[in-house]
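1. Build me a model:
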Amino acid sequence: MDKKILEDYIDACELIKETEKDIQRLRKKRETIIQTNVAGSNPEFPYNQQHFKIQGTVFTYREDTQLRMEEQLLEKRKQDCEAVKLEVEAWLNTIPKRMQRIIRYKIFSGLSWEEVAVRMGRKCTAGSVKMEFQRFMKES
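-> Now for the predicted structure:
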């Protein structure tokens, strides 16, 4: 596992959120129904007035098909990102707890080395935490 996959994790998490919003937008668009009431009369005797409720969508069958295809693509993108996220989280559980904290603070939260050192406590310095991280990544 290298640093690139850790950066991909961050992008995958953000892309999952953005894709979920896009999927909701598409579903909402597909569910948009226009309705109206019309009145008419029976064409034969007795000529009673009748009321009808008409409803439908503002797009054609072709557009509906296109929206469904787009939704499938978005679902596939979301699944791919979730696979990357799961892979990184599984790997993260196999490394030492201390390194897990360093990676979460530095890579996932985007903190500076000084901020990571403060969070790690135990009189850590930015340089020592950075060196520990670099050694670990070099060995991995």
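
2. can you list the weak-confidence ranges in the chain?
-> Applying pLDDT under 70 to the chain picks out residues 1-3, 140.

3. Walking through it, point out its strands one by one.
-> Under the criterion DSSP state E, the chain contains strands at 34-41, 49-56.

4. Which of those sits closest to Y105?
-> Closest approach to Y105 among the strands of the chain (CB to CB): strand 34-41, 51.3 Å. For the C-beta atoms, the positions are set from N, CA and C on the backbone; glycine is no exception.

5. before we move on, the earlier item: of all the strands of the chain, which one comes closest to T125?
-> strand 34-41 (64.8 Å).

6. In the sheet, which strands lie alongside the closest one, parallel or antiparallel?
-> If you go by DSSP bridges, strand 34-41 pairs up with strand 49-56 (antiparallel).

7. Find the residue at the geometric middle of the protein.
-> I16 (1.6 Å; CA atoms, centre = their mean).

8. Would you quantify the distance from it to I23?
-> In this view, I16 and I23 are 11 Å apart by CB to CB, to the nearest Å.

9. Overlap in contacts, the two.
-> When contacts are counted by CB atoms under 8 Å, 6 or more residues apart in numbering, I16 and I23 are jointly contacted by K78.

10. What is the burial count for the residue nearest to C13 when sequence neighbours are not counted?
-> Counting by CB to CB, 6 or more residues apart in numbering, K85 is the residue found nearest to C13 once chain neighbours are left out, at 6.0 Å. Look at K85: counted by other CB atoms under 10 Å, it has 17 neighbours.

11. can I assume K85 is in contact with E14?
-> No: counting by CB atoms under 8 Å, K85 stays clear of E14, with 10.6 Å between them.
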